[in-house]
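Chemist: Got a sequence here, can you build the structure:
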Amino acid sequence: MTPQQRHELTEPEPVAIDPETKQAYVLVRKEVYEQLRELLYDDSPWTDEEMDALAAEVDALLDDDMAIEDSAS
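Modeler: Presented below is the predicted three-dimensional model:
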């Protein structure tokens, strides 16, 4: 790690900027990242309610597609 990178890590919100893309990244310790990932990412099986909501959304999309096809005929 360069001295500049080490210094950046002492800042309240350490940022790394990709010199090629100019994209900024906020740096966090691995432990913090893992805690955030656990809070934000849910890989548990879908509940019945989630499956019903997805089925309803797909049905609505299919109904819209059928209506567009019918009006185009």
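
Chemist: Quick check: chain neighbours aside, which residue is closest to residue 28?
Modeler: Counting by CB to CB, 6 or more residues apart in numbering, the nearest residue to residue 28 once its immediate chain neighbours are dropped is residue 36, at 7.3 Å. Using the backbone N, CA and C atoms, a C-beta is placed for each residue, glycine as well.

Chemist: Domain map for this structure?
Modeler: The chain breaks down into these structural domains: 1-41, 44-73 (assignment by automatic domain parsing).

Chemist: With mean pLDDT as extra columns, can I get the ones you listed in TSV?
Modeler: TSV is the format used below for the domains of the chain (pLDDT from 0 to 100):
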stretch	mean pLDDT
domain 1-41	88
domain 44-73	84
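
Chemist: Now tabulate those domains in JSON lines and tack on mean neighbour count.
Modeler: As requested, those are exported to JSON lines (neighbours: other CB atoms under 10 Å):
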{"stretch": "domain 1-41", "mean neighbour count": "10"}
{"stretch": "domain 44-73", "mean neighbour count": "9"}
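
Chemist: rewinding a little: give me the distance between the residue nearest to residue 28 and residue 3.
Modeler: Using CB to CB, to the nearest Å, residue 36 is found at 27 Å from residue 3.

Chemist: again with residue 28
Modeler: Here the criterion is CB to CB. By it, residue 28 lies 20 Å from residue 3.

Chemist: swap in residue 12?
Modeler: To residue 3, residue 12 is 19 Å away according to CB to CB.
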